[in-house]
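Novice: The sequence isn't on hand, but the structure is:
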Ligand SMILES: Nc1ncnc2c1ncn2[C@@H]1O[C@H](COP(=O)(O)OP(=O)(O)O)[C@@H](O)[C@H]1O
Ligand SMILES: [Mg+2]
């Protein structure tokens with residue numbers, strides 16, 4: 001079972017879009033996948049067709065009340081397993097302040113999941129919030145693999161130092177933490193700046209950069225309103241094909 005966190009401290013860079021559509025594309029390739037929503041905004045949850053406020057159990061129950069991951073898992077209308085999130089997850093930092101194991105609650109829950117599952121997942125994909133809060137820290141302690149979505153704009157380069165620093169700081173808690181891949185999102189090949197930034201990211205990250213660029217594609221923005229991943233909403237759109245290519249690259253990295 002490979003666990004992958006989708007993280008970037010910047011908001012609006014396509015983390016949730018990548019988490020939902022990478023999961024759906026992996027599932028379409030017959031992989032057994034679980035999507036975990038770790039953002040109190042619950043966008044990944046609603047993006048798979050679930051009503052985030054109607055779930056009996058969510059990640060808040062897992063992290064705050066010790067409910068098991070398997071108990072909180074539901075089958076989403078999108079056709080794969082999801083553990084949802086909603087605003088109940090927002091108070092976690094305050095609630096768990098001072099609890100010594102607060103950063104490894106998810107790791108412990110994941111160990112239990114591995115022990116008890118009958119049909120093991122091939123991949124667990126975690127959608128993180130745009131901040132380095134306790135939830136994101138839990139994700140980056142529960143796995144060694146991070147995928148970082150990046151928008152090719154000037155601020156992406158400015159954010160690189162922050163990002164490296166964050167990973168560096170977290171290796172104190174998880175020495176094996178590393179970037180599995182960086183994926184260019186919301187990409188517009190006609191934009192000169194986007195092409196320049198893309199080249200700079202390539203120079204900086206080298207082989208850690210996925211070859212697939214996710215284009216800016218309005219279908220990708222529309223799909224969540226229908227509670228569908230892009231592959232179910234418009235299978236042959238540019239955005240859908242890009243996420244299927246990305247999934248193939250992710251599978252190729254598997255040991
Ligand atoms: N490739 C894309 N093309 C068009 N719109 C996109 C694309 N990726 C994301 N979006 C839209 O941009 C906004 C931010 O994306 P989102 O995935 O929610 O980012 P994050 O989770 O990093 O905050 C959303 O409205 C989303 O639908
Ligand atoms: Mg998000």
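Specialist: Nice, I can see it. From a predicted model like this one, the values you see are computed outputs, not experimental measurements. Ligands and ions are numbered 1, 2, ... in the order given.

Novice: who's in contact with residue 22?
Specialist: Contacts of residue 22 were listed using C-beta atoms under 8 Å, 6 or more residues apart in numbering, and they are 6, 125, 147, 243, 246, 247, 250. Using the backbone N, CA and C atoms, a C-beta is placed for each residue, glycine as well.

Novice: in stretch 65-79, what counts as buried?
Specialist: 67, 69, 70, 72, 73, 74, 76, 78, 79 (16 or more other C-beta atoms under 10 Å).

Novice: I'd like the average pLDDT over that stretch.
Specialist: For stretch 65-79, mean pLDDT rounds to 96.

Novice: again, but for stretch 145-153
Specialist: Computed over stretch 145-153, the average pLDDT equals 95.

Novice: So which of the contacts of residue 22 is the closest to ligand 1?
Specialist: residue 6 (8.1 Å; C-beta to the nearest ligand atom).

Novice: which one is that closest one nearest to, not counting chain neighbours?
Specialist: In this structure, residue 6 finds its nearest non-sequential neighbour in residue 19, 4.5 Å apart by C-beta to C-beta, 6 or more residues apart in numbering.

Novice: Could you say whether the one you found sits in a helix, a strand or coil?
Specialist: helix (DSSP: H, G, I helix; E, B strand; the rest coil).

Novice: Which entries within the contacts of residue 22 meet the buried criterion?
Specialist: 6, 125, 147, 243, 246, 247, 250.

Novice: I'd like the distance from the host helix or strand of residue 137 to the chain centre, please.
Specialist: Per DSSP states H and E, residue 137 falls inside helix 134-142. Relative to its parent chain, helix 134-142 has a centroid offset of 12 Å by C-alpha atoms, centre = their mean, to the nearest Å.

Novice: In that helix, which residues are buried?
Specialist: Quick answer for helix 134-142 (16+ other C-beta under 10 Å): 134, 135, 136, 137, 138, 139, 140, 141, 142.

Novice: Quick check: closest non-adjacent residue to the fourth one.
Specialist: Spatial nearest neighbour of residue 137, excluding adjacent residues (C-beta to C-beta, 6+ apart): residue 103 at 5.0 Å.

Novice: Wait, a strand at the one you found?
Specialist: No: Residue 103: not assigned to a strand; according to three-state DSSP it is helix.

Novice: From ligand 2, how far out is it?
Specialist: 21 Å (C-beta to the ion, to the nearest Å).

Novice: Next: residue 254.
Specialist: Per C-beta to the ion, residue 254 is found 25 Å from ligand 2.

Novice: so what's that residue up against?
Specialist: residue 2.

Novice: ok, now residue 33?
Specialist: 23, 26, 27, 80, 81, 121, 122, 123, 124, 125.

Novice: can you give me the strands in the stretch 151-255 of the chain?
Specialist: 178-187, 209-215 (DSSP state E, counting those that start in this stretch).

Novice: Go through those and pick out the most buried.
Specialist: strand 178-187 (a mean of 21; mean count of other C-beta atoms under 10 Å).

Novice: and the closest residue to residue 189 other than its chain neighbours, how many neighbours?
Specialist: Nearest non-adjacent residue to residue 189, counting by C-beta to C-beta, 6+ apart: residue 195, 6.7 Å away. Neighbours of residue 195 under the rule other C-beta atoms under 10 Å: 14.

Novice: Repeat that for the one 10 residues further on.
Specialist: Applying the criterion other C-beta under 10 Å, we find 16 residues in the vicinity of residue 205.

Novice: what residues are up against the closest residue to it other than its chain neighbours?
Specialist: Computed as C-beta to C-beta, 6+ apart, the closest residue to residue 205 that is not its neighbour in sequence is residue 182, at 5.0 Å. Counting by C-beta under 8 Å, 6+ apart, residue 182 touches 147, 148, 149, 150, 201, 205, 208, 209, 210.

Novice: Stretch 243-255 close to ligand 1?
Specialist: No: judged by C-beta under 6 Å from any ligand atom, stretch 243-255 makes no contact with ligand 1; its nearest approach is 9.0 Å.

Novice: next one: that stretch to chain centre, how far?
Specialist: Using C-alpha atoms, centre = their mean, the offset of stretch 243-255 from its chain centre is 14 Å.
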